[in-house]
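**Student:** any chance you can model this:
(one chain, ligands or ions: 2)
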Amino acid sequence: GPGPAVKKLIAIGEKWKQKTIRGLPKQNVSAKGSKYILCQFPYPSGMLHIGHLRVYVISDSLNRFYKLRGYNVIHPMGWDAFGLPAENAAIERCVNPAVWTRDNIAKMKQQMESMLANFDWDREIATCNPEYYKFTQWIFLKLFENGLAYRKEAEINWDPVDRTVLANEQVDAQGRSWRSGAIVEKKQLKQWFLGITRFAPKLRKHLNQLKDWPSNVKQMQKNWIGESVGAELIFKVTNPEFEDLVVFTTRPETLFAVQYVALALDHPIIQKYSETVSELKEFVRKSAELPNDTKEGFYLPNIKAVNPLTKEEIPIFAASYVVSSYGTAPSAVMGCPGHDSRDFEFWQQNCPGEHIKTCIAPFFDDACKLSEKEKEKIVETLPFTSTSGILTKESGEYAGVFTEVARKSIMGKLHTERLSKNIVRYKIRDWLISRQRYWGTPIPIIHCENCGPVPVPESELPVKLPELEGLDTKGNPLSTIEEFVNVDCPSCGGPAKRETDTMDTFIDSSWYYFRFLDPKNTSKPFDREIANEYMPVDIYIGGVEHAILHLLYSRFIAKFLGSIGTWDDATGIFEPFKKLVTQGMVQGKTYVDPDTGRFLKSDELKFINDSPDGNTVIIKSNGKAPMVSYEKMSKSKHNGADPNECISKHGPDATRAHILFQSPISDALNWDESKIVGIERWLQKILLLTKNILKLDENLAISECFKTPTDLNDAEVKLHNDFQCLLKSITESFEVHISLNTVVSDYMKLTNTLEGAFKKGEVRNEMMVQNLQKLVSVIYPAVPSISEEAAEMISSQMKWNQYQWPEIERITESQFKKFQVVVNGRVKFIYTTDKDFFKLGRDAVIETLLKLPEGKMYLMNKKIKKFVMKYNVISFLF
Ligand code: ANZ
Ligand code: ZN
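**Tutor:** Numbering: from 1, shown residues only. Ligands and ions are numbered 1, 2, ... in the order given. Just a heads-up that it's a prediction; the model follows:
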């Protein structure tokens, strides 16, 4: 168990819990403006895991920082409460999902409180409450009104385990369900879709304006939206029974090397041919069972396609590698084996040994350093897929022309013959939102035989989920509840049936950030003026696993709500999240038996604590050293960490600071609880130092407007300057870089600086107290209970408002400089010190860095391959 010093930290956490979860007194809020700081709301599973803990520590620290700075901060929390786990738990345990969810929410709220998270609980929402989903339904009706919610027969992804439909986004590359892991089946069903493709151009374009988003997230969204700038070309066919083929290509300049046309299996021509050619029918049937990327083809007899440029007649194939309804028109591809890898593979498989045409050759300019041999090799290797090069003598009048130029003039020529048109295509498909499950927002539609799908009148919202005592089957129980299903048509009054599909839960979370701003509104999803004032979210913090789905859907819904005037955005782009912070994964320390490769539990290991490097581990059974690594936490690897346990062993503040200090926010965090002792010692040092400084003069009372004197002695100059540098660095780390590991290490330096001055005893008492106050204030965001405790000690001697961020003062003589410490090309931390630091020489510089907390973390025990110090950069290559 924890020793007495740590017990004290735990007790302080307990003592200040109520106060810190409520946060700062309101009067601190000045006219500085507002900040909307939001972390992704959790699914109420009942247990906070360590990843949650990391997000909430980050967002709560930012929340408290901005509050101290005098901003009106919005920092809400709620529950993404619909979804399968509640329903599955309900089936297993025969409890009402609503009750299960409510209990879990209560548990998780307690866990959030025990980590001292200060959320605006008066804004709390749960997406499964009728007061919330009433407006999810309202949004659906608006989409419906605008033709953006529609029903269509579609081949869908069916999860046979959870017995529901999945969106494309919820099926992984191996064809498995993201949730159940089952191999997904294809089925034809009538389903509800949302028209996200209509927003594809804006969703794509506005990514460029999201300057404060990580570039990897933007890249993932770009890939998902999949914009291709290309052309539709018309290939006439030789059989007059059929319509012309429309082919989409990004490479019209390859027309001289086109050798065939391939059609998707659902192309009308294939369907027509299948009626008479039974082998084709069989081919189509068999292809459905093969993976999408097989290059099997079927040659269509008695028909040829005409190349629009060369007028050459070429064969037509059915091929499953042509993705069906890729854009709007039926899918057809012009096959160019000489310049495209997929077409090359297809040609080799279906027309082995046949000649391969090319019409583009690489262009080597004078600066090209390759030998003739190497150049020849490039020319001879097929396919030649580079988009830039020079057209060859096979290209008629275009011979010798660069590809980019040829593309334009070929398009111009075909355009005048009405054989081509420039178009931009998107890969993204409309969003399939139907789920055949109980625990979700009911789709507010009534099906009438006379009137078709009729929207439920707004005044009748919400369409409430009927209460169920327990669920006993998988699948959709709504369809079996007669009182729910059988209703009168709102339009003609005749007998009609209610839609029994519920919505994908990603719709619930696509607009919750609006609701947080006006959570109690009963007549509208949110007030327009309020949204205009606080949107967009200033800082959105969450996991990179939501880089595509949740963020894309939220961007879509925010833009849609903008398009119908539900809110206004001064910039006109209607983006919901201004700055996005994605935190890295928390990984667990994993021990493996080197002989058997087995993952070891902690009770199979012996930890020797008094070894030179802190702790050494051996395997109990054989005395050998295990292999140690950090990996994604999982039960099977016995490497999980439990946040509750950590908080109860070390107290909330040590846990918080430890999480922040261990690694930069977007990096993976290798969870090593043994390192928390350093943090605990630092917190104890703050309390001891506070006590000691206050004892210097028990009658000392410095006034609230105490200013740093001008007649400073050398020691005072040093203390003042060191403090100002660090305070500036801390402020910027919060405000500009969101670099919270740097903040914690600066806190430690600040504490050591003050301790050093205390030990020397050359600084006057007033200044000691004044700087102590600054220290106690600035640590509040990360370690609120220790800050409150120290503040209470100070306030028992003098009047003082601790809830103020210190103003940065001028440094007396600017003798400091910021040095970036770079490890293997990445900036790991900033060290602010004397501007002449480099004059100490290489060895002393390295030695000084090694003594810093970050130095210990990033530089210790590494072999230096290269070391450079220049300007303000200190660079290590290990
Ligand atoms: C001829 C060509 C020649 C092509 C060449 C590429 C290289 P991106 O940019 O990824 O969107 N394509 C068009 N529709 C397709 C479909 N439904 N299924 C599979 N492939 C399809 O790719 C655009 C290219 O993908 C198009 O340009 C087309 O092949 C192919 F040397 O046309 B290309
Ligand atoms: Zn009707």
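**Student:** residue in the stretch 551-700 of the chain nearest to ligand 1?
**Tutor:** Residue nearest to ligand 1 within the stretch 551-700 of the chain (C-beta to the nearest ligand atom): Leu552, separated by 18.4 Å. Any C-beta I mention is one placed from the backbone N, CA and C, and that applies to glycine too.
**Student:** residues touching that residue, list them.
**Tutor:** 196, 203, 221, 224-225 (C-beta atoms under 8 Å, 6 or more residues apart in numbering).
**Student:** what of Lys601?
**Tutor:** His638.
**Student:** give me the phi and psi for it.
**Tutor:** Backbone torsions for Lys601, taken as degrees, to the nearest 10, come to phi -80, psi 160.
**Student:** just the pLDDT at it, thanks.
**Tutor:** Per-residue confidence at Lys601 stands at 91 (pLDDT).
**Student:** show me what counts as buried in the helix or strand where the residue of the stretch 551-700 of the chain closest to ligand 1 lies.
**Tutor:** Counting by DSSP states H and E, the element that carries Leu552 is helix 549-563. Judged by neighbour count (16 or more other C-beta atoms under 10 Å), helix 549-563 contains these buried residues: 549-562.
**Student:** can I get those residues in a markdown table with pLDDT and distance to ligand 2?
**Tutor:** Formatted as a markdown table, those follow (pLDDT from 0 to 100; distance: C-beta to the ion, whole Å):
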| residue | pLDDT | distance to ligand 2 |
| --- | --- | --- |
| Leu549 | 93 | 36 |
| His550 | 96 | 37 |
| Leu551 | 97 | 39 |
| Leu552 | 98 | 36 |
| Tyr553 | 98 | 32 |
| Ser554 | 98 | 35 |
| Arg555 | 98 | 36 |
| Phe556 | 98 | 31 |
| Ile557 | 98 | 29 |
| Ala558 | 98 | 34 |
| Lys559 | 98 | 33 |
| Phe560 | 98 | 27 |
| Leu561 | 98 | 29 |
| Gly562 | 98 | 33 |
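**Student:** state the mean pLDDT of stretch 692-711.
**Tutor:** Mean predicted confidence for stretch 692-711 is 85.
**Student:** for Cys646, state which of the contacts of Leu552 is nearest.
**Tutor:** Set against Cys646, the nearest of the contacts of Leu552 by C-beta to C-beta is Gln221 (34.5 Å).
**Student:** now do the helix or strand that closest one falls within, average pLDDT.
**Tutor:** Assigning secondary structure by DSSP H and E places Gln221 in helix 215-225. The average of the pLDDT scores along helix 215-225 is 96.
**Student:** return the distance of Met860 relative to Val586.
**Tutor:** 22 Å (C-beta to C-beta, to the nearest Å).
**Student:** contacting residues for the most centrally placed residue in the chain?
**Tutor:** Residue closest to the average C-alpha location in the chain (C-alpha atoms, centre = their mean): Val544, at 2.9 Å. Each residue near Val544 by C-beta under 8 Å, 6+ apart is listed here: 214, 216-217, 582-584.
**Student:** same deal with Tyr871?
**Tutor:** With contacts defined as C-beta under 8 Å, 6+ apart, Tyr871 has no neighbours.
**Student:** next one: phi and psi at the closest residue to Lys799 other than its chain neighbours?
**Tutor:** Among residues not flanking Lys799 along the chain, Glu704 sits closest, at 6.6 Å (C-beta to C-beta, 6 or more residues apart in numbering). Dihedral pair for Glu704: phi -60, psi -30, per degrees, to the nearest 10.
**Student:** I figured Glu704 hits Gln802, correct?
**Tutor:** No - look at Glu704 against Gln802 with C-beta atoms under 8 Å: they stay out of range, at 11.2 Å.
**Student:** between those two, tell me which one has more neighbours.
**Tutor:** Gln802 (17 against 10; other C-beta atoms under 10 Å).
**Student:** just to check, that one is in contact with Ile794?
**Tutor:** Yes - shown here, Gln802 and Ile794 form a contact pair, counting by C-beta under 8 Å, at 7.4 Å.
**Student:** need the overlap of contacts for these two.
**Tutor:** 773, 776.
**Student:** so Gly338 sits against Thr381, correct?
**Tutor:** No - assessed by C-beta under 8 Å, Gly338 is found out of contact with Thr381, at 10.9 Å.
**Student:** who's more crowded, the two?
**Tutor:** Gly338 (23 against 10).
**Student:** for the more buried one, what are its contacts?
**Tutor:** 254, 257, 344, 356-359, 382-384.
**Student:** where does it land in three-state SS?
**Tutor:** Assigned with DSSP: H, G, I helix; E, B strand; the rest coil, Gly338 falls in the coil class.
**Student:** show the pLDDT at the one residue in the stretch 151-300 of the chain that gets nearest to ligand 2.
**Tutor:** Evaluated by C-beta to the ion, the stretch 151-300 of the chain has Arg151 as its residue closest to ligand 2, separated by 15.9 Å. pLDDT recorded at Arg151 is 95.
**Student:** pretty sure it belongs to a strand, no?
**Tutor:** Yes - secondary structure of Arg151 (three-state DSSP): part of a strand.
**Student:** strands along the stretch 201-350 of the chain, start to end?
**Tutor:** Using DSSP state E, counting those that start in this stretch, the strands of the stretch 201-350 of the chain run over 227-237, 245-249, 260-263, 297-299, 305-306, 313-314, 316-319, 332-335.
**Student:** out of the contacts of Val544, which end up buried?
**Tutor:** Among the contacts of Val544, those classed as buried by 16+ other C-beta under 10 Å are 214, 217, 582-584.
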